[in-house]
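Student: One predicted model, sequence on top.
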Amino acid sequence: MSKPIRKAVLPVAGLGTRVLPATKSIPKELLPVVDQPAIQYVVDEAFEAGVEHIVFVTGRNKSSIEDYFDQAFELETTLEKKGKTAVLEAVRRATPRAGATSFVRQQAPLGLGHAVWCARDIIGHEPFAVLLPDVIVDAKPSCLAQMTEAYERVGGGNIIAVNEVPHEEVDKYGVIDPRGAAEDGAIRMQGMVEKPKPADAPSNLSITGRYILQPEIFRLLADQGAGAGGEIQLTDAMARLMQDQPFHAVQFTGDTYDCGSKIGYFTAFLGLALKNGEIGKEARAVAKSLLED
């Protein structure tokens, strides 16, 4: 029987250079997407999937993320006195229960693999999830919930979320190299290829920023050499782990928004605004009006 996924790692130490100057003084993870910061969507996804504890891997000038997930007594008291109960409830829902979060510091920008390795002592020897905060996935059930269901069906191992992209655009993504067809909603993997030419691509299933990994990945990350960009890459350690453990890809249902670029952030804001139950109708009318001008 596979061990449950109780913990998740959110690497939030990045500088957000692709959306500067907006992120000069505000962490990219706290940029608002409609009525809440981008990272709130990712945290909600993790908790919905049954995660009990989230480890945030932070860097310099990211203390406001820790403040955001703390209880704001003055704000809550003021809202309560003014009778703004709906807003007060929304603020309180955004606060994780006591003890459900940890914050560790990545002291140098050595790559995603190094950021995940920094969480090793809190994760311990159990499987865990990694959710990249740049990526918002709007899905019901959540993307990670769909992954954990597949994880249980295949009996554990490692799971990667994938999206189908146009074959002629695979050179923009990392894609999986499948080993046969899908079984029980999961595709056995035999490799990963970063930004292949369309003629050479083993598939058109791009790797999304969601992973379920076994703790043996930490041993490999400890001695993983620098890869692309001179950084310690998580995918390099995953490729090594794939030699000893099964990896499956899960093609989830839902809409993916990559907030890591300016156009991606705009797309996320517009897409989620149009779906918002409170302002969706007005947002659609505004968008239509602007397009007609």
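Tutor: That came through, no problem.

Student: isn't Gln36 right up against Ala94?
Tutor: Yes: under the criterion of C-beta atoms under 8 Å, Gln36 lies in contact with Ala94, with a separation of 7.0 Å. Glycine gets a C-beta too; all of them are placed from N, C-alpha and C.

Student: Spell out, range by range, the helices that occur in the stretch 151-293 of the chain.
Tutor: In the stretch 151-293 of the chain, the segments counted as helices under DSSP state H, counting those that start in this stretch are 216-222, 234-241, 262-275, 280-292.

Student: Tell me which of these is the most buried.
Tutor: Between the helices of the stretch 151-293 of the chain, the one whose residues have the most neighbours on average, counting mean count of other C-beta atoms under 10 Å, is helix 234-241 (a mean of 20).

Student: on contacts alone, who are the packing partners of that helix?
Tutor: For helix 234-241, the elements it packs on are helix 112-117, strand 187-194, strand 205-213, helix 216-222, judged by 3 or more C-beta pairs under 8 Å, 6 or more residues apart in numbering; DSSP states H and E.

Student: Could you rerun that using 10 Å?
Tutor: Secondary structure elements in contact with helix 234-241, counted by 3 or more C-beta pairs under 10 Å, 6 or more residues apart in numbering; DSSP states H and E, are helix 112-117, strand 158-164, strand 187-194, strand 205-213, helix 216-222, strand 247-251.

Student: ok, now which ones touch Glu183?
Tutor: For Glu183, the set of contacting residues under the criterion of C-beta atoms under 10 Å, 6 or more residues apart in numbering consists of Arg153, Val154, His248.

Student: how about a cut-off of 7 Å?
Tutor: When contacts are counted by C-beta atoms under 7 Å, 6 or more residues apart in numbering, Glu183 touches no other residue.

Student: Mind listing the residues bridging to it?
Tutor: For Glu183, the beta-bridge partners are Ala186 (DSSP bridges).

Student: Now do it against Val193, distance only.
Tutor: Glu183 sits 22 Å away from Val193 when distances are taken as C-beta to C-beta, to the nearest Å.

Student: With Ile232 instead?
Tutor: The gap separating Ile232 from Val193 is 19 Å, by C-beta to C-beta.

Student: more neighbours, the two?
Tutor: Regarding Ile232 and Val193, a neighbour count based on other C-beta atoms under 10 Å identifies Ile232 as having more, with 22 against 17.

Student: related to what we said a few turns ago, least reliable of the helices and strands packed on helix 234-241 going by mean pLDDT?
Tutor: Ranked by mean pLDDT, these end with strand 187-194 in last place, scoring a mean of 88.

Student: State the pLDDT value of Met1.
Tutor: Met1 carries a pLDDT score of 61 in this model.

Student: Let me see the ranges of the strands in the stretch 1-150 of the chain.
Tutor: Secondary structure of the stretch 1-150 of the chain (DSSP state E, counting those that start in this stretch): strands at 7-11, 32-33, 36-37, 53-58, 101-105, 128-131, 135-138.

Student: Could I get those strands in JSON lines, plus columns for mean neighbour count and mean pLDDT?
Tutor: Written out in JSON lines, the entries for these read as follows (neighbours: other C-beta atoms under 10 Å; pLDDT from 0 to 100):
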{"stretch": "strand 7-11", "mean neighbour count": "25", "mean pLDDT": "97"}
{"stretch": "strand 32-33", "mean neighbour count": "16", "mean pLDDT": "93"}
{"stretch": "strand 36-37", "mean neighbour count": "19", "mean pLDDT": "93"}
{"stretch": "strand 53-58", "mean neighbour count": "22", "mean pLDDT": "96"}
{"stretch": "strand 101-105", "mean neighbour count": "16", "mean pLDDT": "94"}
{"stretch": "strand 128-131", "mean neighbour count": "25", "mean pLDDT": "97"}
{"stretch": "strand 135-138", "mean neighbour count": "22", "mean pLDDT": "94"}
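
Student: Just send the ones you listed back as TSV, with distance to Ala283 too.
Tutor: Formatted as TSV, those follow (distance: least, C-beta to C-beta, whole Å):
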stretch	distance to Ala283
strand 7-11	28
strand 32-33	13
strand 36-37	15
strand 53-58	30
strand 101-105	32
strand 128-131	26
strand 135-138	15
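
Student: So for Arg210, which of the helices of the stretch 151-293 of the chain sits nearest?
Tutor: Nearest to Arg210 among the helices of the stretch 151-293 of the chain is helix 234-241 (12.1 Å), distances taken as C-beta to C-beta.

Student: so where is this protein shaky, pLDDT-wise?
Tutor: Residue ranges of the chain with pLDDT under 70: 1, 293.
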